[in-house]
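Q: Got a predicted model here, sequence first, then my questions.
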Amino acid sequence: MDWLSPSSHPHSTLSQLGRTNHLTEFVPRMNNSTSTTSNSGFSCNSYAPMTPSVMFHSMPKKFDDQENIPKESVAPSPAHSSSPISHDKQMCSTNGTVVLPAYQENVGGTTYFYQYSTPPENNGETIPPEPVMSTATPASNEYVPFPGKSESSFFMSEELRNDILNRNLLSLLQPDPSQYPDLPQEVDSYHELYPLEPISNQVLHKAHLGYQASMYKATHIKNGVHYCLRRIHGFRLQNTKFISLVDLWKKLDHSNIVQLREVFTTKAFGDNSMVFVYSYHPGSETLLNKHFSIDQPGYHDPFSNDKSTPMPYSYQKTNLLRHQQNNKLPEPLIWNYIIQLTSALRVIHSNALACRSLDPTKIILTSKNRLRLSCLAVMDVVLHDSNSSLNHLALIHHYQQEDLTALGKLVLALACKSTVAVQRDNISTALDIVSRTYTIDLRNLIMYLLTNQRRSVTDLMPMIGARFYTQLDNLHSHVETLESEMCKEVQNGRLFRLMTKLAAINERPDFNMESTWSETGDRYMLKLFRDYVFHQVTEEGQPWIDMAHIVQCLNKLDVGAPEKICLMSRDEQSILVVSYAELRHCLDQSFQELSNSSVLQHELSVEDKI
Ligand SMILES: Nc1ncnc2c1ncn2[C@@H]1O[C@H](COP(=O)(O)OP(=O)(O)OP(=O)(O)O)[C@@H](O)[C@H]1O
């Protein structure tokens, strides 16, 4: 550490400086003498008297950027003289680094210490004070802000950020007790139930299961993780033979499947309910809602024409085709869904299970068209037929074939943007429309799935063909984008830890009953550094906030760069020339001191290691 003091005697030691009347604010640590051995090769204790009116500005560019050095600060003046400290051409080496000789300059009573950025070429005694204000690293290391650099480039993209924040928000939603007075406080190991859809009072609302069902977000009491509960109302358990199937489902972990966590019965809702617990994917919407919802502006099912005004068939078909041309889903999106659906079915079928609920209401989508099957195991439990004469394997094969038929209908419905298109009467028209508006491959896939022959999900792979590569490529690109976004946040996390340490130390009112702890020694330097980083002002005294400066300084502190900066006390009575390496050392020591005394010592020391 090199430091300049306005009113101390040259060549006095640090301890002497600590005692000087003019330096009431700054009390350097005695044991800093080793760390203050400057690796610049000149005496860290050198200083010269100056008047408080020294032309020092805390604007970093004035010290970092030679181009921007204020002329009045360095221009020769009557009070301006320079005197080399070291005329020795031989360079000093500290900690293995070669350091250049330094010289000092007196500007208006303040002594500045400079270091040559290149070795002096002449053998002369006096080294001219040419590269002025170079107290630090070579200019090539300097941050030069370029106009196009916006603050957002320090953080993840707005779109991704909003997506994550939105999902966090949804995860944290709490129910309003007055709105849902009947909701139990606790259901088995879960609490904070929040309905994911309006609770219907119509008993047969969920007729496809034969039972009423409702969905809730809930929090696990012990681990705080959010889950999705699917409650089947009024379900009386007849036997427990399905348990082996539930165990198989629980083991199924796949990116296109909402994982089943557990199944239990409960009377917490005031009836006999069966509850299926799944992973929670905030912000999901069903495939039905996304592509077939009449709530969407401009959507109407082209196949559901007004039966009261019958029209000629040819007219209907022309209308359908016209509608299709304007509203059809892009074919790559349909193949994207097909790949994800077949991927899920493939893993389900290969585990001797069947989905049995391949329906647009039971497929959920999250951002970037991520698709998941969301209602697995429910059919196996609710419609479990323990008296069936067919053996289990034969039943599963039968259900798997039904899955493939359901897949064919689903793809046809997507291609026609109509759930009515898959009704028996409409299928041939729908297929005709698909042939006219999509590739033959899509039609062949649908035809294959809707035939009565024995089919297998693996047979679909050749039909998908090279589209797998496109999908894979898109995924890789997406992963790379996310990784680069994450990189920024990793850097931000690193700086956050650094700032946490700084904030824990700076202006600490008392530590171990020592009221001046944070105002003295290492901590005082850190306080001045905090001002240097965050409290810059312009010459007119206006706040000067530059994210690039803040990030750059913190990064240099983090790596302990050898570069030196000038820190000035607020009363302009003390100026320190100190390297980031020394500041880093101060930070580590001070934080160590704090964490050693902390009641949460363990956590802090873990944090410190990061
Ligand atoms: N695992 C999950 N995580 C988050 N949200 C989910 C999850 N599963 C379903 N949802 C959401 O819960 C809501 C209700 O889902 P559900 O499966 O009951 O669909 P639905 O359209 O209401 O079907 P139904 O016609 O059977 O009522 C939907 O908005 C869906 O997006």
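A: It's in.

Q: Show the contacting residues for residue 291.
A: 329, 360, 414, 417 (C-beta atoms under 8 Å, 6 or more residues apart in numbering). In this view, the C-beta of every residue, glycine as well, is placed from N, C-alpha and C.

Q: May I ask which of those residues has the most neighbours?
A: residue 414 (24 neighbours; other C-beta atoms under 10 Å).

Q: thinking again about what came up before, mind picking the two most distant members of the contacts of residue 291?
A: The two members of these with the most space between them (C-beta to C-beta) are 329 and 360, at 12.8 Å.

Q: just the strands in the stretch 451-600 of the chain please.
A: In the stretch 451-600 of the chain, the segments counted as strands under DSSP state E, counting those that start in this stretch are 564-568, 575-579.

Q: Give the pairing partners of the first one; include direction for each.
A: The one in question is strand 564-568. strand 575-579 (antiparallel) (DSSP bridges).

Q: and the helix ranked longest in the chain, which residues are buried?
A: If you go by DSSP state H, the chain has its longest helix at helix 467-505. Using 16 or more other C-beta atoms under 10 Å as the test for burial, helix 467-505 gives 467, 471, 485, 491, 495, 498, 499, 501, 502, 505.

Q: just stretch 531-551 next, same as before
A: 531, 532, 533, 534, 536, 544, 549, 550, 551.

Q: can you put these in TSV and add pLDDT and distance to the ligand?
A: Converted to TSV, the buried residues of stretch 531-551 look like this (pLDDT from 0 to 100; distance: C-beta to the nearest ligand atom, whole Å):
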residue	pLDDT	distance to the ligand
531	94	48
532	95	48
533	96	43
534	95	41
536	91	47
544	92	47
549	94	43
550	94	39
551	93	37
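
Q: what's the helix or strand where residue 264 lies in contact with?
A: Per DSSP states H and E: residue 264 is located in strand 260-266. Residues outside strand 260-266 that contact it (C-beta under 8 Å, 6+ apart): 187-188, 227, 235, 237, 246, 249-250, 252, 272-279, 376-377, 381.

Q: Would you mind giving the strands of the stretch 451-600 of the chain as a markdown table with mean pLDDT and mean neighbour count added?
A: Below are those laid out as a markdown table (pLDDT from 0 to 100; neighbours: other C-beta atoms under 10 Å):
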| stretch | mean pLDDT | mean neighbour count |
| --- | --- | --- |
| strand 564-568 | 94 | 24 |
| strand 575-579 | 93 | 25 |
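
Q: what's the closest of those strands to the ligand?
A: strand 564-568 (50.9 Å; C-beta to the nearest ligand atom).

Q: returning to that earlier point: which members of the contacts of strand 260-266 are positioned in strands?
A: Those of the contacts of strand 260-266 mapping onto strands are 187, 227, 273, 274, 275, 276, 277, 278, 279, per DSSP state E.

Q: Alpha carbons only: can I get the strand holding residue 264 in CSV?
A: Only the C-alpha atoms of strand 260-266 are listed here, as CSV (Å, rounded to 0.1, in the frame of the first residue of the first chain):
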residue,chain,number,x,y,z
LEU,A,260,-45.7,-38.7,-9.7
ARG,A,261,-44.4,-38.3,-6.2
GLU,A,262,-47.0,-40.2,-4.1
VAL,A,263,-50.6,-41.2,-3.8
PHE,A,264,-52.6,-41.2,-0.6
THR,A,265,-56.2,-41.1,0.6
THR,A,266,-57.5,-38.4,2.9
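
Q: what angle do that strand and strand 273-279 make?
A: Angle, strand 260-266 to strand 273-279, by axes from the mean of the first three to the mean of the last three C-alpha atoms, to 10 degrees: 160 degrees.

Q: And the helices in the stretch 401-550 of the chain?
A: Using DSSP state H, counting those that start in this stretch, the helices of the stretch 401-550 of the chain run over 427-437, 440-450, 460-464, 467-505, 521-534, 547-559.

Q: one step back: restrict the ones in strands among the contacts of strand 260-266 to those near the ligand?
A: Subset of the ones in strands among the contacts of strand 260-266 in contact with the ligand: 278, 279, counting by C-beta under 6 Å from any ligand atom.

Q: Looking at the ones in strands among the contacts of strand 260-266, state which has the most neighbours.
A: residue 276 (25 neighbours).

Q: surely that one meets residue 229?
A: Yes: under the criterion of C-beta atoms under 8 Å, residue 276 makes contact with residue 229 at 7.2 Å.

Q: If you average pLDDT per helix and strand, which one of the protein comes out bottom?
A: Using mean pLDDT, DSSP states H and E, the weakest-scoring helix or strand in the chain turns out to be helix 14-19, at a mean of 31.

Q: quick one, strands of the stretch 201-350 of the chain?
A: 213-220, 226-232, 260-266, 273-279, 285-286.

Q: Excluding chain neighbours, what is closest to residue 504?
A: Excluding the flanking residues, the one nearest residue 504 by C-beta to C-beta, 6 or more residues apart in numbering is residue 594, at 6.0 Å.

Q: Closest one to residue 572 out of the buried residues of stretch 531-551, please.
A: residue 531 (11.8 Å).

Q: What is the neighbour count of the residue nearest to residue 533 when sequence neighbours are not counted?
A: Leaving out its chain neighbours, the residue that sits closest to residue 533 by C-beta to C-beta, 6+ apart is residue 553, at 4.5 Å. Residue 553 has 23 neighbours, counted by other C-beta under 10 Å.

Q: What of residue 443?
A: Using other C-beta under 10 Å, residue 443 is surrounded by 20 other residues.

Q: Just the pLDDT at it, thanks.
A: What the model reports as pLDDT for residue 443 is 96.
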